[in-house]
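Undergrad: The amino acid sequence is not available; the structure is as follows:
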């Protein structure tokens, strides 16, 4: 399949600059451009590549000003990143092999109905009492415990595990190795130093349009539910403890952890390897920088860094002060000497 | 199944305050109470919910003093948290569907005996020479390599992987995605910069009553064994490197890591995302706060925070000092000016 | 199988000190030595064990000087750690049960050829269009999506998942639970606060002699490839985001994370729980200490610690300064008093 610059511009509401009839049949990074490919320029760091790229077409923003001639055809759009996302989706849908049907051997408990357009891969396991929405894709070796609900259009990738009773909304994507609904980490200490397990009788409830990364773990609650709201995006290797709630459209980068019963608001941006303590409330729109540790509630719009987390600007100042700390010790040494000298 | 307040009080050695004949058939969080449910109050933060909860019964501690009328029936017990744990267990045992038998297709190597009350789920794999205790539950897609020993009553959840030769005690719970006995990370650097793999010929040996969280990895040792003692509780996504030893009843929250050959004592409490360096000894009863980094041995009863870890009280003071550090720079600036002024 | 000290010395180019005819048939840690075993002494911390070890033979370095009599036979070699690695390999190869053949039930798509000496375990899944090299070992419950290439001699352990289109070189080892090629974490924010998924159309390309630890996740790129060069060693639970490149022979300890599009050079040594920001370049030979956070590019040979990372020596000084910070506040208090006194 080939697309001309003119046809792409029409699809994405862009303006062609250069040869509108040049055609492409693939994507390439701007620094790895090749004839027949379309690239995009969104990050200013990569601007210098545009002058030498071999790609036939480059998507650029409306206000890009070339400082030297560009040989590629440009398509100017409001937001090249957004546009490439849309193009990639069109391309993917055109190219994708969408699997359907039930591969054998797989295990589907008696009474579970396989809806139309669904896929059940080989060695997948679907327990008794499960309800599956139209077009669900359950890849090989995935596990769905008894009494789960999986919404329309949701994809469960190979080997993801969903314990019994959990509910997953529509159009979600659960990547390989994700574990949804394992027991929360709850134990009552005993006088002899051992721990008594507290049964975890709740579930995990996930909204619509949620994506859960590879090997991420979301524990079931003691009672009630651990709740992940609509539109939440969790990266890989994240830990969500029991009874946590995460608000709509919050995005969390890899390896972050949220301890038990914490409540995370809507539209938060949470960096990689962040730790959030239990039983606290992270307000809507909070931004937490990578590796920070949050041990108390935040206010809407807080942007924090460090452990314990402090405002980003304060963290930057502190970093500078720490660099100058040796200096400060020297200055205090000098002052003390000076004072001693004056005494005598 | 319904239970009256009187019958529950009898079960848990509690004292009823209010209508002893009110009956419940489920559990609810105190803030999500509903008629017919029993809740509990253990964390003082949640005390205000007791006045409005719709739950029919609330478990409270013996010394709870109501400041306003409470409509629910109260059951006073020594330790509500403990009590709810016991009740949940009773409830769970009454309700649980305990699977037994061998689902097909599964792979059980020739000569392996399936003991009574055992469960082997579909697509589970049990290698040659394995010994399984009475009542083991091996869920779908779990893998048990050759020559493993799995003790009585142990549960291996879907997709957990146990490499060959490892030993797991009685009444353990291994959650989905946990990997027990993968190769330790050992390489001998070569003159050309490449690494020669050091074969990891040891095993992992896990005691009784151990719980291993989802996606946690415990590596096999070079020689001998990586050892997890009785009663240890490991949360999700934890890394235990080769040749590590963890003492009895130590509990470790999610995403912590222990580097090679470290020895962790008994009854330690280790927070989330903690890192422990290799070849060190963490003493019995050590408490390590979330995200701290420990690069040298600890003394019994140490409570540490920060990287490198320092006593919790010292960490708190340091945090305050760091907040006042900008101030300190200003004060030293002023002193220097003052001295200069006096000079002239 | 038994080996005498003399025959081992011949194998590893060592010098015998003591009884050359003593024979061993197993390995043991020096602190757990037993008759008939060979141990090694590489870490000076363990030197004191050599005087009491019950092992029959100990490998020591050429410059080891005993301070007391040693009853074991010594074999002096250039590098005991290296030597033991070689011995363990010889031993392992002699002892290993190398599985071959295709266990049933497994799923091998039509048209995929199973090469000689290969192993395909029960419940393994191999998608259409895959190319497998000679002697590949694909353990039970592993998943290889369509159109993957797996090089000669590579081992895919139980339950590892490789998404479609990825390429893995020769003699690699992919441990259980590793997920290769899940979608990168890419979303375009929308005006209503939701996120539009950016399709991840690239692949993961892994060189030769690479080892990937248990539950490690390496995401596929948006376009092009996430690239892991020859000889790279990744420990467990590591996150490699989309479009990352890692250079030859770089080793990374457990639970580290590399954010999108970062480039890591050759021969880097990266400690546990390290975080590396996106779009930066870590130079060849960089050494990053455990838990550090790197948010800007490094220079060749940099050795960094802390968040944000600073030179190791500087970090050590800073740690000392922070300990003395309370002192510094006191000293400045005194100076201010002193100045006030002199004023009056």
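TA: Now that the structure is in, tell me what you want to look at. Fair warning: this is a prediction, and the values are worked out from it, not measured in the lab.
Undergrad: Least confident secondary structure element in chain A?
TA: Comparing every helix and strand of chain A by mean pLDDT, DSSP states H and E singles out helix A:80-95 as the least confident one, with a mean of 80.
Undergrad: May I see the buried residues of it?
TA: Within helix A:80-95, the residues scored as buried using 16 or more other Cβ atoms under 10 Å in any protein chain shown are A:80, A:81, A:82, A:83, A:84, A:85, A:86, A:87, A:88, A:91. Heads up, the C-betas are built off the backbone N, CA and C, glycines and all.
Undergrad: Same question for stretch A:59-68.
TA: Going by neighbour count (16+ other Cβ under 10 Å), the buried part of stretch A:59-68 is A:59, A:60, A:61, A:64.
Undergrad: what about that stretch, how long is it end to end?
TA: With Cα to Cα, to the nearest Å as the measure, the ends of stretch A:59-68 fall 17 Å from one another.
Undergrad: Over to stretch A:285-292?
TA: The distance separating the two terminal residues of stretch A:285-292, taken as Cα to Cα, comes to 16 Å.
Undergrad: gap between it and the chain center?
TA: Average the C-alpha atoms of stretch A:285-292, do the same for its chain, and the two points are 14 Å apart (Cα atoms, centre = their mean, to the nearest Å).
Undergrad: Stretch A:74-87 too?
TA: Between the centre of stretch A:74-87 and the centre of its chain there are 21 Å (Cα atoms, centre = their mean).
Undergrad: and residue A:336, what is it in contact with?
TA: Applying Cβ atoms under 8 Å, 6 or more residues apart in numbering or on different chains to residue A:336 gives the contacts C:331, C:335.
Undergrad: Which strand or helix spans it?
TA: Take DSSP states H and E as the rule and residue A:336 turns out to sit in helix A:325-343.
Undergrad: possible to save the buried residues of helix A:80-95 as a markdown table with distance to chain C?
TA: Supplementary listing: the buried residues of helix A:80-95 in a markdown table, determined by distance: Cβ to the nearest Cβ, whole Å:
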| residue | distance to chain C |
| --- | --- |
| A:80 | 10 |
| A:81 | 6 |
| A:82 | 5 |
| A:83 | 9 |
| A:84 | 7 |
| A:85 | 4 |
| A:86 | 8 |
| A:87 | 9 |
| A:88 | 4 |
| A:91 | 7 |
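Undergrad: could you check the angle helix C:325-343 makes with the helix holding residue A:336?
TA: Counting by axes from the mean of the first three to the mean of the last three Cα atoms, to 10 degrees, helix A:325-343 lies at 30 degrees to helix C:325-343.
Undergrad: hmm, back to that, next secondary structure after the least confident helix or strand of chain A?
TA: strand A:101-102.
Undergrad: Figure out how far that following strand is from the centre of its chain.
TA: Mean C-alpha position of strand A:101-102 versus that of the full chain (Cα atoms, centre = their mean) differs by 29 Å.
Undergrad: which residues touch the helix or strand following it?
TA: In the C-terminal direction, the helix or strand that comes right after strand A:101-102 (DSSP H and E) is strand A:107-108. The contact list for strand A:107-108 (Cβ under 8 Å, 6+ apart) reads A:102, A:114, A:120, A:124, A:125, A:126, B:103, B:122, B:123, B:140.
Undergrad: one step back: can the buried residues of helix A:80-95 go into CSV with extra columns for distance to residue C:255?
TA: Putting these into CSV (distance: Cβ to Cβ, whole Å) gives the following:
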residue, distance to residue C:255
A:80, 35
A:81, 30
A:82, 34
A:83, 36
A:84, 32
A:85, 31
A:86, 36
A:87, 36
A:88, 31
A:91, 35
